[in-house]
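Q: sequence and predicted structure, then a few things I'm wondering about:
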Amino acid sequence: MSKQEFVDRLRVSLSGRISPALVEENARYYEDYINTRIRLGEPEESVLTELGDARLIARSIVAAENGKTGAEEKVYGGSQEETRRRERFRQVFRISGLPPWALPVLAGGTLLLVLVLLSLVFRLVLHMLAWLWPVIAIVMILLFFIKLFRDWLH
């Protein structure tokens, strides 16, 4: 199956079950997703194999759209567009195999911030260890001589 066949099958499977705008939005999303993975060097067949059957994806999209209520928006906050975006991230995570804890980080767009903070903390720890190393070395040498002296006395 080619990328175009996959997207066409997705469109056909979604048509008449959700609004035409959502059909096109989902088709564009999967087409962009496939194109991105191909640009990253993955073979088209491999990407399509990972995605699976377009009809199953369409079924989960329809179920997600039909299951939405105003109460869900109150629980999760945000608009229907935000809920759709969140569901797309979940689908990508299921496909890509990324850990579930990474979803809120990427969905909020704060991955870069988290990576910068982690690198700053790591650098600070290394910097403090570099500053403390002479002190630690002196203390270790002193403890060695104290133990040696105690053993010599006994």
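A: Great, that's in hand. Numbering: from 1, shown residues only.

Q: just checking, what packs against the helix ranked longest in the chain?
A: The residue-count maximum for a helix in the chain (DSSP state H) belongs to helix 111-153. On a contact count with 3 or more CB pairs under 8 Å, 6 or more residues apart in numbering; DSSP states H and E, helix 111-153 meets helix 102-107. Bear in mind the C-beta positions are built from the backbone N, C-alpha and C, glycine included.

Q: quick check: mean pLDDT across the helix it packs on?
A: The average pLDDT within helix 102-107 is 56.

Q: could you list the domains of this structure?
A: 3-110, 111-154 (automatic domain parsing).

Q: so of those domains, which one's packed in deepest?
A: Stretch with highest mean neighbour count among the domains of the chain: domain 3-110 (a mean of 14; mean count of other CB atoms under 10 Å).

Q: least reliable of the domains of the chain going by mean pLDDT?
A: domain 3-110 (a mean of 77).

Q: S60 versus T49, what's the distance?
A: Per CB to CB, to the nearest Å, T49 is found 18 Å from S60.

Q: next one: V7
A: With CB to CB as the criterion, V7 and S60 are 16 Å apart.

Q: again with D8
A: 18 Å.

Q: same thing with L40?
A: For L40, the distance to S60 - CB to CB - is 24 Å.

Q: which residues touch the helix or strand harbouring D32?
A: Assigned by DSSP states H and E, D32 belongs to helix 20-39. Residues outside helix 20-39 that contact it (CB atoms under 8 Å, 6 or more residues apart in numbering) are 3, 6-7, 10-11, 14-15, 44, 47-48, 51, 54, 57, 61, 65, 84, 88, 92.
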